[in-house]
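Trainee: Provided below are the primary sequence and the corresponding predicted coordinates.
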Amino acid sequence: MKKWYEGIYRRQLTDMHINDTDPAFLSRLSADEYLDCLQRASIQSPMIYLHSHVGLCNYPTQTARTHPRFAEGENEIKRLISKCRGAGMRVVGYYSLIFNNCATEAHPEWEMRHADGTTWRDDGQRYGLCCPNNEDYRHFLKKQIDELAEQHFDIDAIFYDMPYWEVVCYCPSCQKRYREQFGRPLPETQDFTDPEWLRFVKARQDWMVDFVKFVKKYTGRVMPDLTVEFNYAAVIGCDWLGGSTEGINAECEFTGGDLYGDLYSHSFACKYYYGATNNQPFEYMTCRCDSTLREHTITKPEDTLTREILLTAAHHGASLIIDAIDPVGTLDARVYDRVGRAFARQIPYEPYMSRGTLYSEVAVYFDSRTMYSPRGDDRYNRTSAIGAVRKLIEGHIPVSVISNGNMEGLSRYQMIIAPSLQDFDNDEPLRLIDYVREGGTLYLSGASDSRLIRELLGGTVTGLTYGDTARKRVQLGARTYISPREGYELGEFNSEYPLPLTYFLPIMEGARGDVLATVTLPYAEPDNNLEFASIHSCPPWRATEHPAIIERSYGKGRVIWCAAELEYDPRRAFGDIFRSLVERNITKKYALAAGRSIECVIFEDEGATYLSLADLRYDEAKHTGDIPLTVRTEVSPTAVTCLGTGRAVPFTYDRATRTATLTLSVTDFEMFEIKY
């Protein structure tokens, strides 16, 4: 049976977090004008507010406070929903979890607390945060969900926002739950090398999953016909503090969340959402404002908005564009004309966006459970994974993102990049052992998961170069170096002029395999401000036998370990080295001769391939030009079509080399169909 969201690629949300302190607030809200804006933008599915961060309900309530605009007479929200349904739209209701000012003002005992008893609002924030561990707050939510059911809103789904931690909560409910669960008080010292702190990090993740399960289960009991979605943005948009993991995503009908970043981060999120979602299409949410909703009178240039929408379309996802209502309840119709023109570019591709599966030669493993660095810096799995995906995009290497709960069928990837892993209470990375044993190639970087290092390399990371230093850190560049051994190519670097790293490197001992590069150190400890070779820097001086790059056969496959996170560093030299390492271990099926900013996203279907080219630059340059493409294929294509124009694309096929050659003409985006 077809689900309501299948084939629905144009979606919209109007933020309505409006207070009730002025009678003019929302006074001019008009269902007719709202609907007109949606139609201008060719929206297929609007998400409409039932309850906001302020905590006000847009319907009569006995358990909270109704916004005055909806307290008397015909309910304009209900009228809006009815009009949208009459126009053939599928409607989603919006409800704010955790963020609820009215609730925390009426019940301070429900509010999240810092260790010193203060709240996020005491820090100067506007948001009151209800703790999901508070049983009275959960009881309140049940009553709220009961009231939503009694309102009989004609909606297809409900979207629950903000299911994540915004602070480290030490409220009495959290204190009680932790003591009951572990028999000890909550730890207060943030230390990612301390098992007690890591136990707390995992507990917060588990508690949030328990909370969304509670909300999902109760919603299903009283509104069984609705699909349920939770905002799953914090997994990428936050770090360990948010406590967001795939356990939350498991409770979603499909994956979606609002994210804000450049087009490379956008592409990473689309790949992750595509692989993680329970049902397609996933939903990529972003605002129409330039660049956040904190300034909602400035709109993204049409070119920017269009590129974001089309990049999601390239991954066969649905775009949800977020606007914010004016305090009086009006919308800027000009915005919706612009959104409509952007969506008009997508419409010709929509019949093809449900076809095929994402083709990749390499997968990058993103571990949502370890969103931290033991060193306290920004170099950990998520940031390294995003960096790896960007470098692969720039090399036109088709890439997917895999994650916890999405580790089936690993054998379809020629190589898996598992960057900057950490030891944690998570067995998902152990699946990578079987992947290598059965013939795959695995790349590990940094200190990594000790279980993988021990099993695949037979080694142990015993510490860092120079160990722990009590010296005040000197603001210098390179702190260690990687020197390739003779015969091993490391870009333009060699033993005399090795590759510089701005951080200390892990020391690997006992590992088996071919050592292809070693660690070189500067003249003295980099943080020694009295003894040095060069006053401005720490040039390479002392070669060591500490391995920096190791390759080893394991079972039918290979494992590669690099002491440095090559994928993390944004400099071009690192990208070239990282891509070279990958390309030595894969066979390319699609070879694209294009600039580094052009991404090629490929979906393969039975008898056809759908190939999208997207320019990931955020400038006004639109002319990408003609891009040669060669495809290794056992049979010749029968036709190649530009789906945006319907124009046939000429091609040649060489039977001797089993290679098809074609030239794709692209401006900022185009999707092509190759039929066989």
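Mentor: Sure, I can see it.
Trainee: mind listing the helices for the stretch 151-300 of the chain?
Mentor: Counting by DSSP state H, counting those that start in this stretch, the stretch 151-300 of the chain has these helices, from start to end: 172-182, 195-222, 234-237, 246-249, 263-276.
Trainee: possible to save those as CSV with mean pLDDT and mean neighbour count?
Mentor: Quick note: C-beta positions are derived from backbone N, CA and C, even for glycine. Supplementary listing: these in CSV, determined by pLDDT from 0 to 100; neighbours: other Cβ atoms under 10 Å:
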stretch, mean pLDDT, mean neighbour count
helix 172-182, 98, 16
helix 195-222, 98, 18
helix 234-237, 97, 24
helix 246-249, 98, 24
helix 263-276, 98, 23
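Trainee: Settle this for me: P650 is touching L662, isn't it.
Mentor: Yes - the pair P650 / L662 is scored as a contact, 7.0 Å apart, by Cβ atoms under 8 Å.
Trainee: Could you name every residue contacting both of those two?
Mentor: Common neighbours of P650 and L662 (criterion: Cβ atoms under 8 Å, 6 or more residues apart in numbering): V640.
Trainee: Tell me which of the helices of the stretch 151-300 of the chain approaches A318 most closely.
Mentor: helix 263-276 (10.1 Å; Cβ to Cβ).
Trainee: Summarise which helices and strands that closest one is packed against.
Mentor: Helices and strands touching helix 263-276, by 3 or more Cβ pairs under 8 Å, 6 or more residues apart in numbering; DSSP states H and E, are helix 234-237, strand 283-287, helix 302-314, strand 357-358, helix 381-394, strand 399-403.
Trainee: in the fifth one, what's buried?
Mentor: Buried residues in helix 381-394, counted by 16 or more other Cβ atoms under 10 Å: 381-394.
Trainee: nearest to T306, of those?
Mentor: Of all the buried residues of helix 381-394, T306 sits closest to I393, with 19.2 Å by Cβ to Cβ.
Trainee: for the closest one, what are its contacts?
Mentor: 264, 267, 399, 599, 616.
Trainee: any idea how far it lies from L311?
Mentor: Between I393 and L311 the computed distance is 11 Å (Cβ to Cβ, to the nearest Å).
Trainee: what's the overlap in contacts for the two?
Mentor: Common contacts of I393 and L311 (Cβ under 8 Å, 6+ apart): 267, 599, 616.
Trainee: thought the last one was touching C600?
Mentor: Right, L616. No - the pair formed by L616 and C600 falls short of the contact definition of Cβ under 8 Å, at 11.0 Å.
Trainee: Would you map out the domains in this structure?
Mentor: Following automatic domain parsing, one gets these domains for the chain: 10-354, 360-583, 590-675.
Trainee: and T587, how many neighbours does it have?
Mentor: Other residues lying near T587 total 8 when counted by other Cβ atoms under 10 Å.
Trainee: Return the residues in contact with it.
Mentor: Neighbour list for T587: 361, 414 [criterion: Cβ under 8 Å, 6+ apart].
Trainee: Could I get the pLDDT score of it?
Mentor: For T587, the model assigns a pLDDT of 97.
Trainee: With Y618 instead?
Mentor: Note on Y618: pLDDT of 80.
Trainee: Three-state assignment for it, please.
Mentor: What DSSP: H, G, I helix; E, B strand; the rest coil gives for Y618 is coil.
Trainee: Could you check how far R65 is from G510?
Mentor: Applying Cβ to Cβ, one obtains 64 Å for the distance of R65 from G510.
Trainee: swap that for N529, please
Mentor: Applying Cβ to Cβ, the value for N529 to G510 is 35 Å.
Trainee: And for A314?
Mentor: Using Cβ to Cβ, we find A314 at a distance of 45 Å from G510.
Trainee: And these two? Which one has more around it.
Mentor: The residue with more neighbours, out of A314 and G510, is A314; 26 against 11, by other Cβ under 10 Å.
Trainee: Contacts only, for the more buried one.
Mentor: The neighbours of A314, taking Cβ under 8 Å, 6+ apart as the test, are 270, 599, 601, 612, 614, 669, 671.
Trainee: Once you drop chain neighbours, what's closest to the fourth one?
Mentor: When the adjacent residues along the chain are set aside, S612 lies closest to A314, with 3.6 Å between them (Cβ to Cβ, 6 or more residues apart in numbering).
Trainee: Which secondary structure state does E6 sit in?
Mentor: coil.
Trainee: and it, what is it in contact with?
Mentor: 280-281, 354.
Trainee: Separate out the buried members of the residues you listed.
Mentor: Buried members of the contacts of E6, counted by 16+ other Cβ under 10 Å: 280-281.
Trainee: so which of the contacts of E6 would you say is closest to E33?
Mentor: Closest to E33, out of all of the contacts of E6 and judged by Cβ to Cβ, is P281, at 29.1 Å.
Trainee: Output the contacting helices and strands for the helix or strand where I627 lies.
Mentor: Assigned by DSSP states H and E, I627 falls within strand 625-632. Counting contacts by 3+ Cβ pairs under 8 Å, 6+ apart, strand 625-632 packs against strand 590-592, strand 608-615, strand 659-666.
Trainee: So for that strand, what gets flagged as buried?
Mentor: 627, 629-631.
Trainee: As a markdown table, the helices of the stretch 151-300 of the chain with distance to L505 would be great.
Mentor: Below are these laid out as a markdown table (distance: least, Cβ to Cβ, whole Å):
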| stretch | distance to L505 |
| --- | --- |
| helix 172-182 | 35 |
| helix 195-222 | 23 |
| helix 234-237 | 28 |
| helix 246-249 | 31 |
| helix 263-276 | 26 |
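Trainee: just to revisit the earlier point, state the pair within the contacts of I393 that is farthest apart.
Mentor: The most widely separated members of the contacts of I393 are V399 and L616, with 13.4 Å between them, by Cβ to Cβ.
Trainee: Which of those two has more residues huddled nearby?
Mentor: Taking neighbours as other Cβ under 10 Å, V399 and L616 compare with V399 leading, 27 against 20.
Trainee: re the thing from before, any idea which of the helices and strands packed on strand 625-632 gets closest to C84?
Mentor: C84 lies closest to strand 608-615 among these, at 30.3 Å (Cβ to Cβ).
Trainee: strands paired with the closest one, and their directions?
Mentor: For strand 608-615, the paired strands and their directions (DSSP bridges) read strand 598-605 (antiparallel), strand 669-675 (antiparallel).
Trainee: Which one of those lies nearest to S553?
Mentor: Using Cβ to Cβ as the measure, strand 598-605 is the one of those that comes nearest S553, at 30.0 Å.
Trainee: Can you tell me which helices and strands the longest strand along the chain packs against?
Mentor: When every strand of the chain is counted residue by residue (DSSP state E), the longest turns out to be strand 540-554. With contacts defined as 3+ Cβ pairs under 8 Å, 6+ apart, the secondary structure elements packing on strand 540-554 are strand 480-484, strand 506-509, strand 514-522, strand 557-562.
Trainee: ok, residues contacting the shortest one?
Mentor: With Cβ under 8 Å, 6+ apart as the contact definition, strand 506-509 has outside contacts at 446-447, 453, 457, 459-465, 519, 546-547, 550, 561, 563.
Trainee: ChimeraX command to pick out the buried ones of the residues you listed?
Mentor: To isolate the buried ones among the contacts of strand 506-509 in ChimeraX, judged by 16+ other Cβ under 10 Å, type:
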select :446,447,453,457,459,461,464,465,519,546,547,550,561,563
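Trainee: Does C37 touch L331 like I think?
Mentor: Yes - checked against Cβ under 8 Å, the pair C37 and L331 is within contact range at 4.8 Å.
Trainee: of the two, who's got more company?
Mentor: Applying other Cβ under 10 Å to C37 and L331 shows that C37 carries more neighbours, namely 23 against 20.
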